[in-house]
Every structure is written in structure tokens, then in C-alpha cells.
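> whatever this is, show me its structure:
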Amino acid sequence: MQPRLHIKDICRIYGFSRSTLYRRLRDGRFPRPIRSLGLIWQPEDLALAESAGQVPPRQSP
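Here you go, the predicted model:
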């Protein structure tokens, strides 16, 4: 099982600011997080969204 990703991880991986991520969540253009002591994402959910074209590809470091 891969570790869950927190909001700061998502912003770093996709190159989003927090406000952009919140806007994409509000508009339904990013997978919904799990609410557990903050916002966290399952890597599997992000991979599915990427393959469906719902999320831009990850940025290289």
C-alpha cells in the first residue's frame, strides 16, 4: 500500500497552489480527498483520474 498524499504533496506533485487545488476540487476537476485529520488522497484515485484525463500529468521535479 502506497502512502497517502497530503495537500502539500499534491501541490508539489502537480504544481498547483492551494487556491488552484481548492478551485479544482470545487469545480469537480480533481478527485475528492478523504477527510481524516486534514485532506488526504489515495495514490490509486489520482492514477485513475490521470488516466481519465481529469487531472493534468504530474510535473517532473
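> quick one: distance of stretch 35-49 to the chain centre.
Between the centre of stretch 35-49 and the centre of its chain there are 6 Å (C-alpha atoms, centre = their mean, to the nearest Å).
> that stretch: which residues count as buried?
39, 40, 41, 42, 45, 46, 49 (16 or more other C-beta atoms under 10 Å). (Each C-beta comes from the backbone N, C-alpha and C, glycine too.)
> go on, stretch 15-35?
So, applying 16+ other C-beta under 10 Å, buried residues of stretch 15-35: 16, 21, 24, 30, 31, 33.
> in helices, which of the residues you listed appear?
Those of those mapping onto helices are 21, 24, per DSSP state H.
> list just the nearest of the buried residues of stretch 15-35 to residue 59.
When the buried residues of stretch 15-35 are compared for distance to residue 59 (C-beta to C-beta), residue 16 comes out closest, at 9.5 Å.
> return the residues in contact with the closest one.
10, 24 (C-beta atoms under 8 Å, 6 or more residues apart in numbering).
> could you measure from it over to residue 32?
15 Å (C-beta to C-beta, to the nearest Å).
> where do the helices sit along the protein?
7-14, 18-26, 43-51.
> can you list the weak-confidence ranges in this structure?
Low-confidence segments of the chain (pLDDT under 70): 1, 36-37, 60-61.
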